[in-house]
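Provide a 3D model corresponding to the input given below.
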Amino acid sequence: MKVIDIHAHIYEKVAGITQGQPMSSTSQGKVTIGNREIQFLPPSFERSCSTAEALIAYMDWCGIEKALLMPNPFYGYHNYYFKESVKKYPDRLRGVALVDIMKGKAAAEELAQIYDEGILFGMKIEVDSTFQCAPGTRLADPKLAPVWDCCEQYHQPMFIHMFRREDIVDLELLAKTYPHITFVICHMGADICFRAGMPKRNYEKVLQIVKEYENVYIDLAEEGKTPGRNVACLGYTLQEFNEKFSGKYEFGDRVILYHWQDWRLICPAYFEPIFILKVPEWL
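Numbers count the residues shown, from 1 in each chain. Predicted coordinates:
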């Protein structure tokens, strides 16, 4: 059975943004957020980074055949490192592109160059980090249309990590508007579904969208133990979750399933892969 990690993070150095402030690697697993230093990774991560070589070693150890490198402004913009890693390990890694979507037309032009180059593909939007400097921006904001138009033209997938109720509304609108974009909902709906206090109707709406739109997928990059994001709140096990998808909802062939113990690849405990029902062509 093939096991593919659908959501892996690597970075030579943290150079991102969070809480409205820059975040940067220091040493022994620590990063600075503004002027404050915190423990972000275990101290054994001497340079406070997560390299492609470390990822490959974890994959070999855990029996994972391939991994999809997933970017995020939270860690910084690392297209160059992604490209070099994919070229170095072409049989093991695929890489998703990241551009500053707030640049509109310029971002679309940058994406087109990336797609023409043919090494990276797709695009990732982690709503909280992407809109740190413009928190009121909607996914369906007209000024972002050039990016959506580019992905539609190139038939590229879009990976979205949602935080706000309006993200669900916009996702459905975008799925209707751009039928040639494959939308992948990260982390089973992520914070908008599993953050503490989120109503279950949010999750039910996400499932409805996946069921209704052929171009919308969902991934299970969620381990159920991260504080504040707990799949256990749904009241059934991961196996029952799978049966629910492939049975009652009848769209199991569009669910990208996998499960790991530690979402940051930092703990040498173990991975618990479930399986992937259908491997999209871009994997």
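
find the nearest non-adjacent residue to K66, please.
Leaving aside its chain neighbours, K66 sits nearest to I4 (4.8 Å; criterion: CB to CB, 6 or more residues apart in numbering). In short, each C-beta sits where N, CA and C put it, glycine included.

does the one you found touch C62 like I think?
No - assessed by CB atoms under 8 Å, I4 is found out of contact with C62, at 11.9 Å.

now do the residue nearest to K66 against V184, distance only.
To V184, I4 is 13 Å away according to CB to CB, to the nearest Å.

circling back to that earlier point, what number of residues lie near the residue nearest to K66?
Look at I4: counted by other CB atoms under 10 Å, it has 21 neighbours.

any idea how far F183 is from it?
Separation of I4 from F183 (CB to CB): 19 Å.

give me the element I125 is part of.
strand 123-126 (DSSP states H and E).

figure out how far that strand is from the centre of its chain.
7 Å (CA atoms, centre = their mean, to the nearest Å).

contact partners of the following helix or strand past it?
Moving toward the C-terminus from strand 123-126, the next helix or strand (DSSP H and E) is helix 127-130. Outside helix 127-130, the residues that touch it by CB atoms under 8 Å, 6 or more residues apart in numbering are 16-18, 72-74, 101-102, 139, 160-164, 167, 191.

filter those residues down to the ones in strands?
Members of the contacts of helix 127-130 lying in strands (criterion: DSSP state E): 16-18, 160-161.

which residue, other than its chain neighbours, is closest to V14?
Closest to V14 by CB to CB, 6+ apart is S25, at 4.3 Å.

ranges for the strands of the stretch 101-250 of the chain?
123-126, 158-161, 183-185, 216-219 (DSSP state E, counting those that start in this stretch).

take those strands and lay them out in JSON lines including mean pLDDT.
Below are the strands of the stretch 101-250 of the chain laid out as JSON lines (pLDDT from 0 to 100):
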{"stretch": "strand 123-126", "mean pLDDT": "96"}
{"stretch": "strand 158-161", "mean pLDDT": "94"}
{"stretch": "strand 183-185", "mean pLDDT": "90"}
{"stretch": "strand 216-219", "mean pLDDT": "82"}
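
turn the ones you listed into TSV, columns for distance to L68 and mean neighbour count.
Output for the strands of the stretch 101-250 of the chain, formatted as TSV (distance: least, CB to CB, whole Å; neighbours: other CB atoms under 10 Å):
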stretch	distance to L68	mean neighbour count
strand 123-126	10	24
strand 158-161	9	24
strand 183-185	10	24
strand 216-219	9	22
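
and C133, which of these is closest to it?
Minimum separation from C133 across these (CB to CB) falls at strand 123-126, 13.8 Å.

which other helices and strands contact the closest one?
Judged by 3 or more CB pairs under 8 Å, 6 or more residues apart in numbering; DSSP states H and E, strand 123-126 is in contact with strand 158-161.

restrict the strand it packs on to CA atoms and write it as CSV.
C-alpha atoms of strand 158-161 as CSV (Å, rounded to 0.1, in the frame of the first residue of the first chain):
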residue,chain,number,x,y,z
MET,A,158,-5.4,25.4,-4.5
PHE,A,159,-4.8,24.3,-0.9
ILE,A,160,-6.7,26.4,1.6
HIS,A,161,-6.3,26.4,5.4
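
for that strand, the distance to its chain's centre please.
The chain centre lies 6 Å from the centre of strand 158-161; the measure is CA atoms, centre = their mean.

again, but for stretch 32-45
The answer for stretch 32-45 is 22 Å, by CA atoms, centre = their mean.

which of the residues in that stretch are buried?
32-33, 40-41, 45 (16 or more other CB atoms under 10 Å).

what about those, which are in strands?
Reading strands off the buried residues of stretch 32-45 with DSSP E, I get 32-33.

quick one: which two of the buried residues of stretch 32-45 are the most distant?
Farthest pair in the buried residues of stretch 32-45, by CB to CB: I33 and F45, 16.7 Å.

thought F194 was touching C186?
No - the criterion here is CB under 8 Å, and F194 misses it with C186 at 11.6 Å.

list the contacts for I33?
If you count contacts by CB under 8 Å, 6+ apart, I33 has them with 18-19, 21-23.

E126 too?
Counting by CB under 8 Å, 6+ apart, E126 touches 72-74, 161, 186.

quick one: which of those is most hemmed in?
Going by other CB under 10 Å, H161 tops the contacts of E126 with 25 neighbours.
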